[in-house]
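Novice: Here you go, sequence then predicted model.
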Amino acid sequence: MTTKALILIFFTFILSSCSPRINISKVNQSSVDLKTINFEPKGIYPKPLVKFFVKKIKTPDKINISSGIELYKVSYFTADEGGKRILVSGLLAIPRNKKIKGIVAYLHGTNNNRLNAPSRPSQDEGLAISAIFAGGGYLCLIP
């Protein structure tokens, strides 16, 4: 399966799970609820830099890094608890070697400060999670 096919399947799964109002039968149709608004490049990190960064993170076990990573901010519409359409964003991390071992969805806690959102990768969450999973060969989405 190609990388593009995996990304399409992954986004279909994630975006359809973001809102209980989405009808799965609309996945292959033009649906505002599932429409991705924008892919914005957020950075390319070569394997040595990812290894260096992961080494600085204190983890109980050694983490094997097999790839550099590419980060993209993904903006899309979903519905809030009242059913109102809202624009939200997430972070997509792709292994640079394109040998995807699997797919990881990291579901972070609620964040009241947009400056700390994973789609604005910082060393605290977005970049750290991306380095660990995408650096290990997994396609990682942080919605």
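Specialist: Happy to help now that I have it. Residues are numbered from 1 along each chain as shown.

Novice: Contact partners for Gly136?
Specialist: For Gly136, the contacting residues are 63-67, 95, 101, by C-beta atoms under 8 Å, 6 or more residues apart in numbering. In short, each C-beta sits where N, CA and C put it, glycine included.

Novice: Drop anything exposed from the residues you listed.
Specialist: Buried by 16 or more other C-beta atoms under 10 Å: 65-67, 95, out of those.

Novice: Okay, and which of the residues you listed map to strands?
Specialist: Members of the buried ones among the contacts of Gly136 lying in strands (criterion: DSSP state E): Pro95.

Novice: Looking at the buried ones among the contacts of Gly136, spot the one nearest Arg85.
Specialist: Lowest distance from Arg85 to these (C-beta to C-beta) belongs to Pro95, with 32.5 Å.

Novice: Correct me if wrong: the closest one contacts Ile69.
Specialist: Yes. In this structure, Pro95 is within contact of Ile69 by C-beta atoms under 8 Å, at 6.3 Å.

Novice: which residues are in contact with both of these two?
Specialist: With C-beta under 8 Å, 6+ apart as the test, Pro95 and Ile69 both reach 134-135.

Novice: Adding distance to Leu127 and pLDDT, write the contacts of Gly136 out as CSV.
Specialist: Shown next, in CSV, are the contacts of Gly136 (distance: C-beta to C-beta, whole Å; pLDDT from 0 to 100):
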residue, distance to Leu127, pLDDT
Ile63, 14, 89
Asn64, 18, 91
Ile65, 13, 93
Ser66, 17, 93
Ser67, 15, 94
Pro95, 15, 95
Lys101, 20, 93
